[in-house]
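Novice: just coords:
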Ligand SMILES: Nc1ncnc2c1ncn2[C@@H]1O[C@H](COP(=O)(O)OS(=O)(=O)O)[C@@H](OP(=O)(O)O)[C@H]1O
């Protein structure tokens, strides 16, 4: 009773309606200012601390309108699809803004086993800590990924024509994948896959690798119902599927979806296969071979044997597509969706942004890279911090930095060319400084791209050890899960455990 009278007195008697309106207006103004500050704060928290090294004032790209940059991101890093180039971009974005990565204990999340949250370093139960970016190779397993990543996570991945993927995969995993090991050449495999492929052995690199990475059965014969089920799962889970053959268009769609400035999606192609002489103007699906051919760049030192092993005719490329029928279905389906997205985005705007992106890449190549950005065979790169991990028949290419760069520019350029394994170590050491200090990682092994996995680690479930580190039994594995042995201080690639 008393309160009501008091209120009436305050409202009508003492304060008056004008004052109420003024108070209301003030309240609205304060709320708006708080909101604005929040946006500014949020935006600035994902902007790099340092200044941009891009010379051009267009580095931010055309306006994105009013949007909030995404910082919770899950990238399914499919194999042989330009995924290392995409991951490098995510690494840079997160590194420059001190975001937290969900990193594996070694170099992979137990691939080819399905992803398990307990393989994430620092994981302490569902959502116990905030992870921003998850992007390493894995066999996708949604419930486990959801334990690690926040509910508002943006999911995306990348696909490639199965013929190009098969070439890339064969060149890389020839000595590792059971089906490839026995084949005389990729052409031979394409002509007679059933002679070499045994579905009882895990042969993910040799058939429907995309399907496998998305967490589904890769070895069954094609069935439309199963393919459609896979499509539905992907549509329900992933916000965007990029296409490797249209990498630059993919980057533009991605930056708009993530609300990121243009400069964040400028990259150099990483993890490319060594150029084969026959590729020039020719048959191969290698991205770099085409780019190099267009630029008139030639390579020397190719093993003729390797060239013969990976050569295929157009008819054999078609056979490889049919052999990978599930992947072909996914590729065709999501390629269509990709072009529908571009249509909605607008062809003219896409063209404008792609040109800008290419201009920035060219600019960066001139600033950062030796010889105008000509890719270099891994074995010719002296600096182990930028030498890409080597596996397979052909050299994996990397880059060398322009000499004489100032410190800030050098650091920014280094981030763009630092290979995946080395970058993972840098991020790992940043996130877990005490472990890095206690020397858990062995630099000699890191240079070779190996991980040291303690045999007694309850989470890894790795096989018994062969090496010996600090008196403890330990096993040496490369990033891909294949076992490495040390003999006379030399790391020797061993056969992968399937
Ligand atoms: N920007 C861009 N555009 C198109 N293609 C590109 C790009 N960057 C890398 N690549 C090609 O991707 C292949 C390597 O793929 P990944 O990095 O996914 O390989 S891996 O699974 O991580 O080993 C590898 O293909 P191949 O050269 O055919 O083997 C790279 O050349």
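Specialist: Received it, and whenever you're ready, just let me know what you need. Since the structure is predicted, the reported quantities are computational estimates derived from the model, not experimental observations.
Novice: could you use CA atoms for every contact and neighbour count after this?
Specialist: Noted.
Novice: quick one: contacts of stretch 418-428?
Specialist: Here stretch 418-428 makes contact (Cα atoms under 8 Å, 6 or more residues apart in numbering) with 84, 87-88, 91, 95, 101, 103, 107, 270-271, 385-389, 398, 415, 436, 446-447, 449, 479.
Novice: that stretch near the ligand at all?
Specialist: No: on the criterion Cα under 6 Å from any ligand atom, stretch 418-428 is out of touch with the ligand, staying 8.2 Å away.
Novice: list the buried residues of that stretch.
Specialist: Residues 418, 419, 420, 421, 422, 423, 424, 425, 427, 428 are the ones in stretch 418-428 that count as buried (16 or more other Cα atoms under 10 Å).
Novice: of those, closest to the ligand?
Specialist: Ranked by distance to the ligand (Cα to the nearest ligand atom), those are led by residue 420 at 8.2 Å.
Novice: model confidence score at residue 385, please.
Specialist: pLDDT, residue 385: 87.
Novice: wait, residue 280
Specialist: 30.
Novice: can you give me the helices in the stretch 151-300 of the chain?
Specialist: 162-173, 178-182, 186-191, 193-196, 209-213, 224-237, 247-258, 287-295 (DSSP state H, counting those that start in this stretch).
Novice: worst average pLDDT in those?
Specialist: The weakest mean pLDDT among the helices of the stretch 151-300 of the chain belongs to helix 287-295, with a mean of 39.
Novice: which of the buried residues of stretch 418-428 fall in helices?
Specialist: Mapping those onto helices (DSSP state H) picks out 420, 421, 422, 423, 424, 425, 427, 428.
Novice: pLDDT and distance to residue 115 for those - can I get that in a markdown table?
Specialist: Converted to a markdown table, these look like this (pLDDT from 0 to 100; distance: Cα to Cα, whole Å):
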| residue | pLDDT | distance to residue 115 |
| --- | --- | --- |
| 420 | 93 | 19 |
| 421 | 92 | 19 |
| 422 | 93 | 22 |
| 423 | 96 | 21 |
| 424 | 96 | 18 |
| 425 | 94 | 20 |
| 427 | 97 | 20 |
| 428 | 96 | 19 |
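Novice: between the residues you listed, which sits nearest residue 162?
Specialist: Using Cα to Cα, residue 420 is the member of those that lies nearest residue 162, at 23.2 Å.
Novice: of the contacts of stretch 418-428, which ones also sit close to the ligand?
Specialist: Residues of the contacts of stretch 418-428 in contact with the ligand (Cα under 6 Å from any ligand atom): 84, 270, 271.
Novice: doesn't residue 268 make contact with the first one?
Specialist: No: distance between residue 84 and residue 268: 10.3 Å, which falls outside the contact criterion (Cα atoms under 8 Å).
Novice: surely residue 86 forms part of a helix?
Specialist: Yes: membership of residue 86 in a helix is supported by DSSP: H, G, I helix; E, B strand; the rest coil.
Novice: what's the mean pLDDT across the helix or strand that residue 328 is a member of?
Specialist: Using DSSP states H and E, residue 328 sits in helix 325-345. Averaged across helix 325-345, the pLDDT comes to 98.
Novice: much appreciated, bye for now.
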